[in-house]
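**Q** coordinates only, sequence not included:
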């Protein structure tokens, strides 16, 4: 490949990844909005996805594009190294000064890239999710009327609260004991971020079998995330593990 063609290819790829990063950034910021803005826009907590991916997964794609963009930028600098040094010689008097400028700038760029891993973050307690979303974000004070209602809700009789806790513990223990009796294979791991197809491919269990055993509608797509389906249909991840375990024993 001619050097001029290589220069052109690198520049085109740089602009391509720059455009992709810009588009993904706008989509994550204004379309796949975070939970706080979902309450304002939709009036309820909904799950927003594009092509089956949520804002966090598209954020990962954005990061990959950024890494590729930086890689092509470094390649661009290497290919134009002679031109860069020639330009610096017109500004400074010696090669030592030009090298010092380049090294200093390189260290500055390196620091900007790694600084998220060395900073100290501030951890602040936040209020209840829905009220915080509806009344102005993380740090804005919730109106006094809403605070009063919250306090009234919290003023539940001690006996009733203890009864609810005991019932919850009892239900949890019954479920856990039921699954322990089946002795589910320890290598089975199911996450909410996985889709039905992911589970099917990983454990060689047909999607149709999982849908049937979970008593889901036949129209459910194999690309649906388990976390989203769990919220809609009320099953647990342990249910899916048990289905995989039983299918292996067939």
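**A** Nice, I can see it. Computed from a predicted structure; not experimentally measured.
**Q** show me where this protein has helices.
**A** 3-26, 35-42, 55-79, 81-91, 95-114, 129-134, 144-154, 158-182, 196-203, 207-213, 226-233, 237-248 (DSSP state H).
**Q** okay, the ones you listed in JSON lines with distance to residue 219 next?
**A** Every residue, glycine included, has its C-beta placed from N, CA and C. Shown next, in JSON lines, are those (distance: least, CB to CB, whole Å):
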{"stretch": "helix 3-26", "distance to residue 219": "30"}
{"stretch": "helix 35-42", "distance to residue 219": "23"}
{"stretch": "helix 55-79", "distance to residue 219": "24"}
{"stretch": "helix 81-91", "distance to residue 219": "58"}
{"stretch": "helix 95-114", "distance to residue 219": "46"}
{"stretch": "helix 129-134", "distance to residue 219": "30"}
{"stretch": "helix 144-154", "distance to residue 219": "38"}
{"stretch": "helix 158-182", "distance to residue 219": "28"}
{"stretch": "helix 196-203", "distance to residue 219": "13"}
{"stretch": "helix 207-213", "distance to residue 219": "9"}
{"stretch": "helix 226-233", "distance to residue 219": "12"}
{"stretch": "helix 237-248", "distance to residue 219": "19"}
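**Q** as TSV, these with mean neighbour count would be great.
**A** Below are the helices of the chain laid out as TSV (neighbours: other CB atoms under 10 Å):
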stretch	mean neighbour count
helix 3-26	14
helix 35-42	14
helix 55-79	15
helix 81-91	11
helix 95-114	12
helix 129-134	16
helix 144-154	11
helix 158-182	10
helix 196-203	18
helix 207-213	17
helix 226-233	16
helix 237-248	18
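**Q** what's the least confident stretch among these?
**A** Looking at these, the lowest mean pLDDT belongs to helix 129-134 (a mean of 47).
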